[in-house]
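Asker: compute the structure for the input listed below.
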Amino acid sequence: MKVLVIGATGGSGLAVTRTLLARGCEVTAFARQPHALRGLPGKLQLVAGDATCSADVDRAVQGHDAVVVALGIRENALRVRLLGSAGTAMDVRSQGTQHVLDAMRRHGVRRLVVQSSYGVGTTRDKLPWLYRLVFALLLKPQIADTERQEAIVRASGLDWVIAQPVNLTDDATTTPAHASPSGEVEGMKVSRRQVGDFLADAALNREHQQACVALSARPQKAPAPQGALR
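Answerer: The predicted structure is shown next:
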């Protein structure tokens, strides 16, 4: 299967790229500086481009079976809130996703997986109050753009899946994320590796088609105490 990853050098984008390659897929990694992925094992094609440029996206989409969108702003959140983004368009999620949808329709590609954020859309009312405060004070522009992104995806008419991870970590856990189409979470952390595995699953099968899925890490069970008696 041939899968295009838009935003392949970000944390989740890199994670899903690794997973897809490990599963034997042909992967096209699309990013402004994709050379950072050079040397990954597997059938990997690197494509340099800007997701906010429709021509760049159109060239990348053609010939693929599925597209994974993992766009976002990687700069310091406080700086972005006060001064705006220095290197990425503030509407990169919605604008980039719209270009992807347009290109998919032109080239007959139907399967779309988009990473969004927990606390947007259908899970907006499930977000704990402290996170709502952070969203309102620190992340308001990014969250507004993510809301627009989700609305665009839902109205696309394509075979879409929206993944809504909670707070992302770099934990190396190999257990699958708790994936809930009803928006329930096991906690407020999930690893990028777990998210990458879910995004790959969603691209390769139809289990969650037309669903918005909340992703969180299952609590780790404490090891049983080692007593002298058995």
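
Asker: which residues touch V100?
Answerer: Listed by Cβ atoms under 8 Å, 6 or more residues apart in numbering, the contact set of V100 reads 6, 51, 57, 61, 67, 69, 112. Any C-beta I mention is one placed from the backbone N, CA and C, and that applies to glycine too.

Asker: one more time with 6 Å, if that's ok
Answerer: In this structure, V100 makes contact with 57, 67, 69, judged by Cβ atoms under 6 Å, 6 or more residues apart in numbering.

Asker: in a markdown table, list these along with pLDDT, secondary structure and distance to A202.
Answerer: Conversion of those to a markdown table gives the following (pLDDT from 0 to 100; DSSP: H, G, I helix; E, B strand; the rest coil; distance: Cβ to Cβ, whole Å):
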| residue | pLDDT | secondary structure | distance to A202 |
| --- | --- | --- | --- |
| V57 | 98 | helix | 20 |
| V67 | 98 | strand | 11 |
| V69 | 98 | strand | 11 |
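
Asker: per-residue pLDDT, G227?
Answerer: Predicted confidence (pLDDT) for G227: 53.

Asker: count the residues that sit near the closest residue in space to C53 that isn't next to it in sequence.
Answerer: Across the structure, with Cβ to Cβ, 6 or more residues apart in numbering as the measure, the residue nearest C53 apart from its sequence neighbours is H99 (7.5 Å). Here the neighbour count serves as a burial measure; for H99 (other Cβ atoms under 10 Å) it reads 22.

Asker: what of E26?
Answerer: Neighbours of E26 under the rule other Cβ under 10 Å: 17.

Asker: go on, A31?
Answerer: Using other Cβ under 10 Å, A31 has 25 neighbouring residues.

Asker: who touches it in this structure?
Answerer: With contacts taken as Cβ under 6 Å, 6+ apart, A31 has the following neighbours: 8-9.

Asker: quick one, which of the contacts of V100 are buried?
Answerer: The neighbour-count criterion (16 or more other Cβ atoms under 10 Å) marks 57, 67, 69 among the contacts of V100 as buried.

Asker: okay, and the residue nearest to C53 sits in which element?
Answerer: Under the criterion of DSSP states H and E, H99 resides in helix 92-107.

Asker: now that helix: mean pLDDT?
Answerer: In this model, helix 92-107 has an average pLDDT of 98.

Asker: which one of the contacts of V100 is nearest to E26?
Answerer: Proximity to E26 was ranked across the contacts of V100 by Cβ to Cβ; first place goes to V67, at 13.2 Å.

Asker: residues touching the closest one, list them.
Answerer: For V67, the contacting residues are 4, 100, 112, taking Cβ under 6 Å, 6+ apart as the criterion.
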